[in-house]
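Colleague: the sequence isn't on hand, but the structure is:
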């Protein structure tokens, strides 16, 4: 953590959250967290907003409150915090009246993020990823079901021009088609890169049944790709991601290998969530195998999110901060030794780094 503080503090606040007012935040959705976006110690950071957190932001500083002997002790942790400001492109709407904010959102401080298809073929409770609430924002009316390539291009151009957006993340709910949504992602990437030449774009999808879809994504202008497995332990996968677990790990390995061939080393990433029950040593060993392949293991702590099965049904809590720190430190060392930095991906979650502590460790 630059600008003061420690990695241990960064991990703890990533899990326990913070009390702060953040104009830019995520409320539910496909990701494993429900965060406010700030610049913490000079780094773009997404932190859970929690009223019960011992951490708070006051006068641009990160503070920690503790009760000692019946007295409230407040410690300045020496870390500057600046909330990311509401982007100007949020004030605009499409010709047919759809607010740009419902098409794509600002993540971190300079990332435009969108889910191009907000429905998922695996959203039935028997198939759904237990940390996911991808359709919750659609049900709440804060987004639209399908983002067309033309509208995404329009919003991206405005976000770059008005707010200095530097890269784009496009993910999708899984479709029933063999490409699992990759073809629509390719159409969207092509439109955005035509509207804003040179703008880096990351696409995210499940492994397509026909791996030629990966070449189509690259030819459409995508800079990097995320193929997210969340866990490399089959028992954990069957529990946490039952629908995705029907795609065997061999399918992911084949997709990652082909993606590295098509996009290049350190232009392919996958989420690994800490706190799903996977053995930490096995998680790190699996991350080492990914690094050897040229795949960036984006290690992120599991965060309980209201509206997901993990919270509403399973009542699963946050992981042990000590375990998260240990795993993240070891994976960061692997990445540094391999010369793989998330920022070098050009676009995407690893390039942003806001949801992980890897960036604080030079990875």
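Modeller: Looks like it arrived, so ask away. Quick caveat: nothing in here was measured; it's all calculated off a predicted structure.
Colleague: in contact with residue 359, which residues?
Modeller: 43, 342-343, 353 (CB atoms under 8 Å, 6 or more residues apart in numbering). For every residue, glycine as well, the C-beta is placed using N, CA and C.
Colleague: repeat for residue 100
Modeller: Residue 100 neighbours (CB under 8 Å, 6+ apart): 89-94, 155, 158-159.
Colleague: 6 Å instead, please
Modeller: Listed by CB atoms under 6 Å, 6 or more residues apart in numbering, the contact set of residue 100 reads 89, 92, 155.
Colleague: looking at those residues, which are in helices?
Modeller: residue 155 (DSSP state H).
Colleague: out of the contacts of residue 100, which end up buried?
Modeller: The neighbour count (16 or more other CB atoms under 10 Å) marks 89, 155 as buried among the contacts of residue 100.
Colleague: closest one to residue 268 out of the contacts of residue 100, please.
Modeller: residue 155 (26.0 Å; CB to CB).
Colleague: re earlier: can you select the buried ones from the contacts of residue 359 in ChimeraX?
Modeller: To isolate the buried subset of those in ChimeraX, counting by 16+ other CB under 10 Å, use the following:
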select :43,342,353
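Colleague: okay if I get the contacts of residue 359 as TSV plus distance to residue 267, pLDDT and secondary structure?
Modeller: TSV is the format used below for the contacts of residue 359 (distance: CB to CB, whole Å; pLDDT from 0 to 100; DSSP: H, G, I helix; E, B strand; the rest coil):
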residue	distance to residue 267	pLDDT	secondary structure
43	22	92	strand
342	11	96	helix
343	12	95	helix
353	16	94	coil
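Colleague: could I get the contacts of residue 359 as TSV with distance to residue 56?
Modeller: Formatted as TSV, the contacts of residue 359 follow (distance: CB to CB, whole Å):
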residue	distance to residue 56
43	19
342	28
343	29
353	23
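Colleague: so where's the stretch 251-363 of the chain uncertain?
Modeller: The stretch 251-363 of the chain contains no residues with pLDDT under 70.
Colleague: what sits up against stretch 59-77?
Modeller: Contacts of stretch 59-77 (CB under 6 Å, 6+ apart): 5, 9, 54-56, 79-81.
Colleague: got the contact list for residue 237?
Modeller: 231, 245.
Colleague: state the distance from it to residue 182.
Modeller: Computed as CB to CB, to the nearest Å, the residue 237 to residue 182 distance reads 21 Å.
Colleague: check residue 278 too.
Modeller: 27 Å.
Colleague: which one of the two has more residues nearby?
Modeller: Taking other CB atoms under 10 Å, residue 278 and residue 182 do not tie; residue 182 has more neighbours (28 against 22).
Colleague: ok, the more buried one touching residue 205?
Modeller: Yes - using CB atoms under 6 Å, residue 182 makes contact with residue 205 at a distance of 5.0 Å.
Colleague: joint contacts of those two?
Modeller: Going by CB under 6 Å, 6+ apart, no residue sits against residue 182 while also sitting against residue 205.
Colleague: let me see the ranges of the strands in the stretch 201-350 of the chain.
Modeller: Using DSSP state E, counting those that start in this stretch, the strands of the stretch 201-350 of the chain run over residues 201-204, 224-226, 268-274, 295-301.
Colleague: packing partners of the first one?
Modeller: Using 3 or more CB pairs under 6 Å, 6 or more residues apart in numbering; DSSP states H and E as the contact criterion, the elements in contact with strand 201-204 are strand 167-171, helix 182-195, strand 224-226.
Colleague: any chance of these in CSV, plus distance to residue 256 and mean pLDDT?
Modeller: Output for the helices and strands packed on strand 201-204, formatted as CSV (distance: least, CB to CB, whole Å; pLDDT from 0 to 100):
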stretch, distance to residue 256, mean pLDDT
strand 167-171, 17, 97
helix 182-195, 15, 98
strand 224-226, 9, 98
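Colleague: let me have the ones you listed in TSV, extended by distance to residue 128.
Modeller: Listed next are the helices and strands packed on strand 201-204 as TSV, based on distance: least, CB to CB, whole Å:
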stretch	distance to residue 128
strand 167-171	16
helix 182-195	21
strand 224-226	19
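Colleague: who's in contact with stretch 144-157?
Modeller: 94, 100, 102-104, 112, 114, 116-118, 138, 187-188, 191-192, 195-196.
Colleague: out of those residues, which end up buried?
Modeller: Buried by 16+ other CB under 10 Å: 94, 100, 102-104, 112, 114, 116-118, 138, 187-188, 191-192, 195-196, out of the contacts of stretch 144-157.
Colleague: list phi and psi for residue 174.
Modeller: Main-chain torsions, residue 174, degrees, to the nearest 10: phi -70, psi 140.
Colleague: and the nearest residue to residue 346 once chain neighbours are set aside, how many neighbours?
Modeller: With sequence-adjacent residues excluded and distances taken as CB to CB, 6 or more residues apart in numbering, residue 346 is closest to residue 200, at 4.1 Å. A total of 19 residues lie near residue 200 under the criterion other CB under 10 Å.
Colleague: mind pulling up the pLDDT for residue 200?
Modeller: We have a pLDDT of 98 for residue 200.
Colleague: correct me, but it touches residue 345?
Modeller: No - Residue 200 lies out of contact with residue 345 (CB under 6 Å); the separation is 8.3 Å.
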